[in-house]
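In: Below: sequence and its predicted model.
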Amino acid sequence: MHHFSYRDGLLHAEDVPLTRIAEQVGTPCYVYSTATLTRHVRAFADAFSGLDAMICFAMKANGNRAVLRLLTGLGAGVDVVSGGEMALALAAGARADRIVFSGVGKTAAEMTAALEAGVHQINVESEPELEALDAVARGLGTRAPVAIRVNPDVDAATHHKITTGKAENKFGIEWTSARRVFRRAMTLEGIALKGIALHIGSQILDLAPFEAAFLKVRDLVALLRADGVTVERLDLGGGLGVPYRHGDNAPPPPAAYADVVRRTVGDLGCALTIEPGRAIAGNAGVLLSRVIYRKEGVTKAFAIVDAAMNDLMRPALYDAEHEIWPVREAPRDAERALIDVVGPVCESTDTFARDVSLPPLVTEDLIAFMTAGAYGAVMANQYNGRPLVPEVLVDGDRFHVVRRRPTMEEMGSLEDTPPWLE
Ligand SMILES: Cc1ncc(COP(=O)(O)O)c(C=O)c1O
Ligand SMILES: N[C@@H](CCCC[NH3+])C(=O)O
């Protein structure tokens with residue numbers, strides 16, 4: 001069941017009409033569905049039942065405190081990529097022993113914070129990082145629980161800007177150096193080597209790249225064990241995609257993905273971690289926006305809306321296309337016309353859709369950019385003096401503003417005038 005659907009001619013989030021949220025919160029704003037987030041995290045938990053697996057939500061996809069509280073309350077752990085994310089996850093109530101710390105550039109200060117907090121695991125991505133973590137852990141008189149991220153050099157068959165598991169990507173240890181680095185890790189006093197981590201990319205719509213990568217990991221486990229290296233954990237990363245547009249190929253469901261995991265690495269006696277981000281949050285959110293003007297050019301028509309590329313960067317960054325649904329349902333036989341939907345920011349890339357077929361949009365109409373719950377609000381910025389977008393969490397017939405819009409004063413509050421310009 002879709003938790004964003006039309007009822008009585010209006011698009012609802014669960015039982016709340018989006019018109020009501022627009023009136024009370026203003027636009028643009030992100031709206032998330034508790035029921036969808038819940039369903040998705042449960043789907044992963046069910047899919048992996050019987051496997052010793054921890055589902056760590058990749059909070060880079062959606063770091064809102066209420067969202068994290070909901071997901072961790074349902075049993076999810078958290079995958080973090082910075083000291084900042086770790087602090088936010090802990091503040092949201094996540095248990096440190098269910099936090100996995102990933103990322104290519106952890107500083108000594110971040111490593112110290114992670115060890116002091118007692119995170120489940122730190123995923124190390126390079127030899128210099130391994131040596132640095134060893135030194136930090138020894139300095140603290142402890143041993144860091146570590147998985148080493150390998151780069152399996154497989155093509156994830158996704159957008160080139162979001163693939164991570166090819167040899168030319170910056171992530172993980174090169175496949176050909178893996179054995180040497182794992183052996184080295186075994187000799188370091190500050191490192192408690194637990195196993196292998198990998199993550200091959202994002203928005204992956206086919207199981208074949210996962211299967212290829214996991215089979216390579218299976219071979220590596222055998223080689224490493226023969227070398228006397230401990231491999232008791234496998235962190236398989238995230239990456240499962242979501243449908244962005246009607247008619248897109250349906251991505252494999254978590255159950256099918258879990259079957260690949262079961263088939264490829266399920267019998268190795270390893271505890272598993274998976275780090276889904278987009279698959280949990282993507283379809284659980286929309287960006288609600290209002291049409292400011294309809295502009296009829298000679299060759300084109302534009303709907304200029306109050307959301308922009310700073311609020312939802314994906315179209316400008318990756319040419320991503322988010323479906324646009326009018327909040328007021330158009331009659332089935334309504335005429336449609338081709339229109340460009342653009343934001344007010346002074347950049348030509350501030351374009352959400354080109355020549356999209358929509359029922360006529362006029363000033364004041366509300367629209368929703370669908371599938372905006374992942375990599376939406378987290379990637380927003382204040383370009384063009386635009387305040388960060390508020391976020392709203394819906395649960396049944398109630399909703400709450402889980403991040404409010406900052407005031408103009410707050411937006412400028414970190415800046416300071418040097419005395420010579422006073
Ligand atoms: C290490 C790691 N884990 C998990 C994720 C989450 O990916 P996704 O949102 O595609 O599931 C990412 C981002 O691609 C990542 O870099
Ligand atoms: N932020 C990206 C994907 C990168 C995932 C993080 N490694 C997106 O919106 O699709």
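Out: Cool, got the structure. Numbering: from 1, shown residues only. Ligands and ions are numbered 1, 2, ... in the order given.
In: tally of neighbours for the closest residue to residue 3 other than its chain neighbours?
Out: In space, and not counting its chain neighbours, residue 3 is closest to residue 33: 4.2 Å by Cβ to Cβ, 6 or more residues apart in numbering. C-beta here means a position set from N, CA and C on the backbone, and glycine is covered the same way. For residue 33, the count of nearby residues is 26 (other Cβ atoms under 10 Å).
In: same check, this time on the one 3 residues further on
Out: Using other Cβ under 10 Å, residue 36 has 23 other residues around it.
In: Is it in contact with residue 282, as I believe?
Out: No. Look at residue 36 against residue 282 with Cβ atoms under 8 Å: they stay out of range, at 9.4 Å.
In: Could you name every residue contacting both of the two?
Out: Counting by Cβ atoms under 8 Å, 6 or more residues apart in numbering, the common neighbours of residue 36 and residue 282 are residue 373.
In: okay, residue 164: pLDDT?
Out: The model reports residue 164 with a pLDDT of 68.
In: Let me fix that, I meant to ask about residue 168.
Out: 69.
In: now residue 193
Out: 98.
In: What values do phi and psi take at it?
Out: phi -70, psi 130 (degrees, to the nearest 10).
In: Just give me the neighbour total for it.
Out: With other Cβ under 10 Å as criterion, residue 193 counts 26.
In: bridging residues for it?
Out: In this structure, residue 193 bridges to residue 146 when assessed by DSSP bridges.
In: ok, now which ones touch it?
Out: Residue 193 touches 146, 148, 182, 185-186, 229-230, counting by Cβ under 8 Å, 6+ apart.
In: Identify, from these, the entry nearest to ligand 2.
Out: residue 148 (18.6 Å; Cβ to the nearest ligand atom).
In: pLDDT value on the nearest residue to the closest one once chain neighbours are set aside, please?
Out: In space, and not counting its chain neighbours, residue 148 is closest to residue 124: 5.2 Å by Cβ to Cβ, 6+ apart. Residue 124 is assigned 97 on the pLDDT scale.
In: same question, residue 237
Out: 97.
In: Spatially nearest residue to it (excluding sequence neighbours)?
Out: residue 199 (2.7 Å).
In: any idea which element the one you found lies in?
Out: Per DSSP states H and E: residue 199 is located in neither a helix nor a strand.
In: My understanding was that it contacts residue 240; is that so?
Out: No. Using Cβ under 8 Å, residue 199 makes no contact with residue 240, being 11.3 Å away.
In: if I look at the residue nearest to residue 148, how far off is ligand 1?
Out: 12 Å (Cβ to the nearest ligand atom, to the nearest Å).
In: Could I get the phi/psi values of that residue?
Out: The phi/psi pair for residue 124 (degrees, to the nearest 10) is phi -90, psi 140.
In: In contact with it, which residues?
Out: 130, 133, 146-149, 185.
In: swap the cut-off to 6 Å and go again
Out: 130, 146, 148 (Cβ atoms under 6 Å, 6 or more residues apart in numbering).
In: same deal with residue 277?
Out: Taking Cβ under 6 Å, 6+ apart as the definition, contacts of residue 277 comprise 58, 61, 238, 374.
In: Farthest-apart pair in these, please.
Out: Maximum pairwise distance among the contacts of residue 277 (Cβ to Cβ): 10.2 Å, between 238 and 374.
In: ok so, going back, any idea which of the contacts of residue 277 has the most stuff around it?
Out: Ranking those using other Cβ under 10 Å puts residue 58 first, with 28 neighbours.
In: So which residue is dead centre in the chain?
Out: The geometric centre of the chain, computed from its C-alpha atoms, lies nearest to residue 61 (Cα atoms, centre = their mean), at 1.9 Å.
In: quick one: which helix or strand includes it?
Out: Per DSSP H and E, there is no helix or strand for residue 61.
In: Wait, residue 9 touches residue 329, no?
Out: Yes. If you go by Cβ atoms under 6 Å, residue 9 and residue 329 touch, sitting 4.7 Å apart.
In: So those two - more neighbours on which side?
Out: Taking neighbours as other Cβ under 10 Å, residue 9 and residue 329 compare with residue 329 leading, 16 against 11.
In: how about the more buried one, what does it touch?
Out: Residue 329 touches 6, 9, counting by Cβ under 6 Å, 6+ apart.
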